[in-house]
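Participant: I need the structure of the sequence given here:
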Amino acid sequence: MTLPLAGQVALVTGGTGALGQAVTLRLLTDGAVVAVPYAVEAERDRLHERVAATDRPRLVTEPVDVIDLESMVAFARNVNQARGRIDVLVAGVGGFAGGSLLETDRETWTRMLDLNLTSAFSAAKAVLPHMVRVRYGRIVVVASRAVVPPAGGFIAYTVAKAGAIALTQALAQETREQGVTVNAVLPSTMDTPANRTAMPSSDRKGWVPVDAVADAIAILARPTSGYITGTLLAI
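Facilitator: Now for the predicted structure:
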């Protein structure tokens, strides 16, 4: 049986985090070469430990500042030169901070925009030229169900993730005639170690497993999803 992403190359930002590892492992299982820029060595090591020995030759990791456009352009160029293509981009970097407008300082505001929006801009800006050149590509942005409609109480995060949704829909319009699809997944609260620590007394019955989000991303990354673009998939 032919794997759905056999022979394809995926670039996954945030690929060493809780969701990112699930996405990376799923895309490897589906047959892709997966290139992951990382910032934290311990997270990279945990990812490598989880990858099956047979899949390790198809995993590429490199320290990269995903928010910095020049660094991401160089990383994407290197991946394209080494592997001959980039078929899939998963923009999965993110972070959360609570606080109303009056409680939010400039540092938190900038950090939320950088992690949740600028990182997606830099990744798409770096990868898209390689996709447009061959008139094929799949871009999936990780946004959030919690900001649809925009919510108060965590305003910097809300605005940043809402911006990621707008980026997805605008970019889908820009690329619809170029063979590139752009979609977003919008998970509600995910069952991650960080969320368990932050909300120890919460009822986790409705929390979304990271593998379920990875499954949705994998479907949108397939060649067979070429008629799906500009979609916001709530999970």
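Participant: what is the subsequent helix or strand relative to the least confident helix or strand in the chain by mean pLDDT?
Facilitator: Sorted by mean pLDDT, DSSP states H and E, the helices and strands of the chain end with helix 193-198, the least confident at a mean of 67. Sequence-wise, the next helix or strand downstream of helix 193-198 (DSSP states H and E) is helix 210-220.
Participant: helices or strands up against whichever helix or strand comes after that following helix?
Facilitator: Following the chain from helix 210-220 toward its C-terminal end, the next helix or strand by DSSP H and E is strand 232-234. For strand 232-234, the helices and strands in contact under the criterion 3 or more C-beta pairs under 8 Å, 6 or more residues apart in numbering; DSSP states H and E are helix 155-175, strand 180-186. Backbone N, C-alpha and C define where each C-beta goes, glycine included.
Participant: center of the protein, which residue is that?
Facilitator: If you average the C-alpha coordinates of the chain and look for the closest C-alpha using C-alpha atoms, centre = their mean, you land on residue 92, 2.1 Å from that point.
Participant: separation between that one and residue 65?
Facilitator: In this structure, residue 92 lies at 16 Å from residue 65, with C-beta to C-beta, to the nearest Å as the measure.
Participant: and residue 120, how close does it get to residue 108?
Facilitator: Here the criterion is C-beta to C-beta. By it, residue 120 lies 19 Å from residue 108.
Participant: residue contacts, the closest residue to residue 167 other than its chain neighbours?
Facilitator: For residue 167, ignoring the flanking residues on the chain, the nearest one in space by C-beta to C-beta, 6 or more residues apart in numbering is residue 120 at 5.9 Å. Taking C-beta atoms under 8 Å, 6 or more residues apart in numbering as the contact definition, residue 120 lies against 13, 91, 93, 141, 164, 167.
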